[in-house]
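Visitor: Next comes the sequence, and after it the predicted model I'd like to discuss.
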Amino acid sequence: MSGDDFPRLPPSGIKVLVVGAGFAGLAAAIECDRKGHSVTLFEKADDVDELMRIGDIISFDPNGSRAFERWPGVVDAMEAIARQTSWLDLHHHQGRFVTRQSFAHERAWGRRINGHRGQLHNIIYRHAVARGIDIRLGCRVEDYFETDDPPQAGVVVKGERIAGDVVIAAEGVRSRGRKIVLGFDENPKSSGYAVYRAWFPADRIRDNPVLRHLVVNGDTHQGFIGPDIHFLASSIKNGSEVNWVFTHIDDGNIEESWQFPGKPEEALRYLDGWCPVVRELVKATPDGRLIDHKLVYRDPLPTFISPRGRIALIGDAAHPFLPTSIQGASQSIEDGVVLATCLELSGRRDIPRALRAYERLRYERVHRAQAMGPKTRERWHKADWTKVWKNPEMLHLIREPWLLNFDAEKDAYDRYGQVVAELDTVKARL
């Protein structure tokens, strides 16, 4: 398909600038294009390989993947490389099987996509390119601005001021857009935890008698739970690739970066007394395939939008999630869907109203979803095993319909009028 062949609404006249080509930024750009808005996306990475090189697992629940269904060819391409399992087997950290949690019933709510972060990212990026979206690589945004006369918002790139009707900041936890929203610089805090992540070809473990069961019968998904640590291991692509990840207490020796290299021998120090499957998997990790990543925390923001209402934060720039929520990626997709829809419904004449409606539609839901991350981590890391052996299902991930069986676009269409009326009433009282 060429860019002109994709279904989209008539031109809205709204010029949208998106900062950051991660999942949040690409989703916002694609959704804005679907709604007929003109989109320019700025990304600091110089080339596609740099943008896609991060290799670990990422998950999209049914509420996130609903958007992919509306992007021709995307969800089928994702499923072709996704993990083909609908369950999670949980074990005690010394190896004893505890319980299996099935996710099969969630298929009625939509597709659950779990796969290689870089490969899934690439599918979405290529779709954005195919749509003809103006993506400018090697363009680091140095600053943001917004003005009343003329009413506009924009970014500064290589010293040049580039203006539009609205700016969407999707740069992640260190977004420069947060300063213009908050009015001051704010440093992220350590959450008290960090994560080791690895991904490599399964040939490394196929002949290992301790590990071969992970890959010889197709895809698998297993978890091991112990004091202050949970370890997740998966095989994917019919057992041809394997990944593992574990969350541990942050000892303060790593930086807030996806790119900080880790060493298997360092990871093993956290796993004393753990079962052979876990330790052998870490030992099998090849050089250059292990990342040590600090999990940062941000206090909940009082608002996601700038004072003049023309700059909006989305994704991790607005609300960073812990991995145990399993919702960070899906919520970032929802953000883009809702913001694009609000711009469609407001029209170019009232961008600030659209952004206020976006914030109102997203704020409570996203923070309620955020809260699930720490709760799951604490249930696993502080498990009372006397109780767990009597009721193993207490370790199951909480999978609730209000969160997963949800269509962000439909919700925005259904509630936009009510939300705007409420906002106008509040404004009239001031």
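Guide: Right, received. Where do you want to start? Numbering: from 1, shown residues only.

Visitor: I'd like to know how many residues surround Thr40.
Guide: Neighbourhood size, Thr40 [other CB atoms under 10 Å]: 18. Bear in mind the C-beta positions are built from the backbone N, C-alpha and C, glycine included.

Visitor: same question, Ala369
Guide: Ala369: 23 neighbours (other CB under 10 Å).

Visitor: before we move on, what about Gln119?
Guide: Residues contacting Gln119 under the criterion other CB under 10 Å number 18.

Visitor: Now do the strands in the stretch 101-250 of the chain.
Guide: Using DSSP state E, counting those that start in this stretch, the strands of the stretch 101-250 of the chain run over residues 113-116, 134-137, 141-148, 151-157, 160-164, 166-169, 189-201, 221-226, 229-236, 241-249.

Visitor: Show me what counts as buried in the last one.
Guide: Neighbour-count burial for strand 241-249 flags Glu241, Val242, Asn243, Trp244, Val245, Phe246, Thr247, His248 (criterion: 16 or more other CB atoms under 10 Å).

Visitor: can you pull out the helices in the chain?
Guide: Ranges of helices within the chain are 23-34, 48-52, 62-69, 74-81, 117-130, 177-182, 264-268, 276-283, 328-346, 351-370, 372-381, 385-390, 401-404, 408-429, based on DSSP state H.

Visitor: Run through the residues that contact Lys387.
Guide: With contact set as CB atoms under 8 Å, 6 or more residues apart in numbering, Lys387 has these partners: Met394.

Visitor: re earlier: any idea which of the buried residues of strand 241-249 is the one closest to Ile57?
Guide: Checking the buried residues of strand 241-249 against Ile57 with CB to CB, the nearest one is Asn243 at 5.1 Å.

Visitor: can I see the domain layout of the chain?
Guide: 3-84+110-188+299-382+397-429, 189-297 (automatic domain parsing).

Visitor: Minimum distance to His91: which of those domains has it?
Guide: For the domains of the chain, the distance to His91 is smallest for domain 189-297, at 4.8 Å, taking CB to CB.

Visitor: average model confidence for that closest one?
Guide: The average pLDDT for domain 189-297 rounds to 88.

Visitor: chain center to that domain, what's the gap?
Guide: 19 Å (CA atoms, centre = their mean, to the nearest Å).

Visitor: show me where pLDDT drops low in the stretch 301-430 of the chain?
Guide: 430 (pLDDT under 70).

Visitor: in stretch 131-149, what counts as buried?
Guide: Neighbour-count burial for stretch 131-149, counted by 16+ other CB under 10 Å, picks out Arg131, Ile133, Ile135, Cys139, Arg140, Val141, Tyr144, Phe145, Glu146.

Visitor: how long is it end to end?
Guide: Distance between the two ends of stretch 131-149: 33 Å, counting by CA to CA, to the nearest Å.

Visitor: Between the strands of the stretch 101-250 of the chain, which one is closest to Glu334.
Guide: strand 166-169 (13.6 Å).

Visitor: I'd like the domains of the chain laid out as a markdown table, including distance to His92.
Guide: Below are the domains of the chain laid out as a markdown table (distance: least, CB to CB, whole Å):
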| stretch | distance to His92 |
| --- | --- |
| domain 3-84+110-188+299-382+397-429 | 11 |
| domain 189-297 | 7 |
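
Visitor: for those, which one sits closest to His93?
Guide: With respect to His93, and counting by CB to CB, the nearest of those is domain 189-297 at 2.9 Å.

Visitor: Export the buried residues of strand 241-249 to JSON lines and append columns for distance to Leu404.
Guide: Below are the buried residues of strand 241-249 laid out as JSON lines (distance: CB to CB, whole Å):
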{"residue": "Glu241", "distance to Leu404": "26"}
{"residue": "Val242", "distance to Leu404": "27"}
{"residue": "Asn243", "distance to Leu404": "23"}
{"residue": "Trp244", "distance to Leu404": "25"}
{"residue": "Val245", "distance to Leu404": "21"}
{"residue": "Phe246", "distance to Leu404": "25"}
{"residue": "Thr247", "distance to Leu404": "22"}
{"residue": "His248", "distance to Leu404": "28"}
